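Asker: Sharing a model prediction with you, sequence too.
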Amino acid sequence: MIDAVPRRSAPVFLLLAFFSGVLLASPARSDGPGSPPGYGDLVGVPSPLRMVPTQLSAVADGNLLIYRMPGIRGSEINATAMLFTPKGPPPAGGWPVLVWGHGTVGWAPKCAPSVRLQENGTWVDGHTDTLLAAVLRMGVAVIAPDYEGLGPVSAGVRPGHGYYDLSSEGSSMVFAVVAAQRDPGTRLSGQWVAAGWSEGGFAALAAAYYSGVAEKADPALDYRGTVTFAPVPDIPAMNKVLWRDIADASRPGSTPTEHEIDQLVFANAETIYFTETERHAGYGVDPVQVYGPNMLKFYQQNSQTCLDDLNAMVRKDIVDYLRASPSHRLGTYPGVRGDAPNSLPENSRFFTDNQGRLESSTLPGPILWLFGTDDITSPASVTYDVVNKMLTNGNDINLAVLAGAGHYDVPTAALPLVEARLKTLFSLG
């Protein structure tokens, strides 16, 4: 996910709007990664997680799994995931499992949730520990992949995160499920649901796209559906809205608000991760065509900086720039070259190959799509357009609109809806 700079939103109230398409029984599309022997296999013995948040450690046992998956460049690679299982004995048939996709953390291995957790006790996904603790209390295990290229280098993880790459993130999710199913120390039922927030919302949809691959790798697996929290469904369309707002805030004589500065930070910082992924995956993107001098320097020197620190650095640079001259406006900051880079052929090809391919597909199973009306990261107009497009393709989508919720509020605001959906999907009492 792309994550905006945090801001507090108004109190949250739930307002549901449901749109139903056709529930299809057909399997997920089979193009993309295959399931040769080895993918999903465990490497070594799972190790206990350290410094797990109290919210989770009170209700679950946590282990780090190392597993094999196809990499963005075609080779077989090591990946890591955190597996949380409810305390106490499993039910007779084993626990169902939710595979959790985290939000944007950065591009370097050190930015991975499992690394940040075990090295400094930081749970990087904000208040999602509350959500996952509630899921675990329901008797549902959670497998949380770090994604390709993110994770401890001591586990054999190498740089090369597939940021918003459909195959990379889908493979990270589905082969984490396969690995959890193959863990001899864990008893799972085989039933699984994909879920995730922000970048992880895209990863959850990618897992639905490749769910058939997981079941080919392990026929005991039974995909039940997807819950996607505040995904960014169309990056080019989101950028158009974002840069239009930045232009409106750049009028002479106006003073930008903190919120408007945050929008410019968001528009600049995470573009670095897109460029890194595109170049790593073989797309011929020229950074000079994407960035003005200030952000080009950040790209060259700070592409391995994790998101929180990168946001802070870019924000300071923007504020310093605005203060340097009365003529400096948000829209004149020498960062990302506005909306123009979206039209570069290789950028267009990347988004068509990944988000575009996802949006034009018919995914198996039901999708609960959770969206907050105050979310600047996933603008309402873009969300509605993409959901409507996917409905015309025959997808079975329930769109739940959370009134007053911002991007960071959605995982906790939507908890009652998530609990109800999981009870249905897993036939829980």
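Answerer: All right, it came through fine.

Asker: mind listing the helices for the stretch 151-300 of the chain?
Answerer: 166-182, 199-209, 211-217, 235-248, 258-269, 271-280, 287-290, 293-302 (DSSP state H, counting those that start in this stretch).

Asker: so how far is the fourth one off the chain centroid?
Answerer: It stands for helix 235-248. Taking Cα atoms, centre = their mean, to the nearest Å, one finds helix 235-248 lying 20 Å from the centre of the chain it belongs to.

Asker: Now that helix: buried residues?
Answerer: By 16 or more other Cβ atoms under 10 Å, the buried positions in helix 235-248 come out as 235-243, 245-246. Heads up, the C-betas are built off the backbone N, CA and C, glycines and all.

Asker: Quickly name whichever of these is closest to residue 358.
Answerer: Nearest to residue 358 among those, counting by Cβ to Cβ, is residue 235 at 11.5 Å.

Asker: now, which of the buried residues of helix 235-248 sits nearest residue 210?
Answerer: residue 235 (20.0 Å).

Asker: Pull the contacting residues for that closest one.
Answerer: Going by Cβ atoms under 8 Å, 6 or more residues apart in numbering, residue 235 touches 2, 164, 274, 342, 351, 355.

Asker: and the residues you listed as JSON lines, adding distance to residue 320, pLDDT and neighbour count?
Answerer: As requested, these are exported to JSON lines (distance: Cβ to Cβ, whole Å; pLDDT from 0 to 100; neighbours: other Cβ atoms under 10 Å):
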{"residue": "2", "distance to residue 320": "24", "pLDDT": "39", "neighbour count": "26"}
{"residue": "164", "distance to residue 320": "30", "pLDDT": "97", "neighbour count": "26"}
{"residue": "274", "distance to residue 320": "25", "pLDDT": "97", "neighbour count": "22"}
{"residue": "342", "distance to residue 320": "27", "pLDDT": "92", "neighbour count": "18"}
{"residue": "351", "distance to residue 320": "32", "pLDDT": "96", "neighbour count": "20"}
{"residue": "355", "distance to residue 320": "34", "pLDDT": "94", "neighbour count": "24"}
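
Asker: quick one: which of these is nearest to residue 289?
Answerer: Looking at the contacts of residue 235 and their distance to residue 289, the nearest is residue 342, at 11.4 Å (Cβ to Cβ).

Asker: How much space separates that closest one from residue 307?
Answerer: 21 Å (Cβ to Cβ, to the nearest Å).

Asker: which outside residues touch stretch 146-157?
Answerer: In contact with stretch 146-157 (Cβ under 8 Å, 6+ apart) are residues 43, 64, 66, 69, 71-72, 77-82, 101-102, 105-109, 111-115, 118, 158-162, 168-169, 171-172, 203.

Asker: Equivalent analysis for stretch 411-423, please.
Answerer: With Cβ under 8 Å, 6+ apart, stretch 411-423 has contacts from 12, 14, 16, 98, 125-128, 130-131, 134-135, 138, 140, 193, 195, 197, 225, 227, 229, 368, 370, 372, 400, 402, 405, 428-429.

Asker: need the helices of the stretch 151-300 of the chain in JSON lines with distance to residue 328, can you?
Answerer: Shown next, in JSON lines, are the helices of the stretch 151-300 of the chain (distance: least, Cβ to Cβ, whole Å):
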{"stretch": "helix 166-182", "distance to residue 328": "37"}
{"stretch": "helix 199-209", "distance to residue 328": "31"}
{"stretch": "helix 211-217", "distance to residue 328": "49"}
{"stretch": "helix 235-248", "distance to residue 328": "13"}
{"stretch": "helix 258-269", "distance to residue 328": "12"}
{"stretch": "helix 271-280", "distance to residue 328": "20"}
{"stretch": "helix 287-290", "distance to residue 328": "21"}
{"stretch": "helix 293-302", "distance to residue 328": "11"}
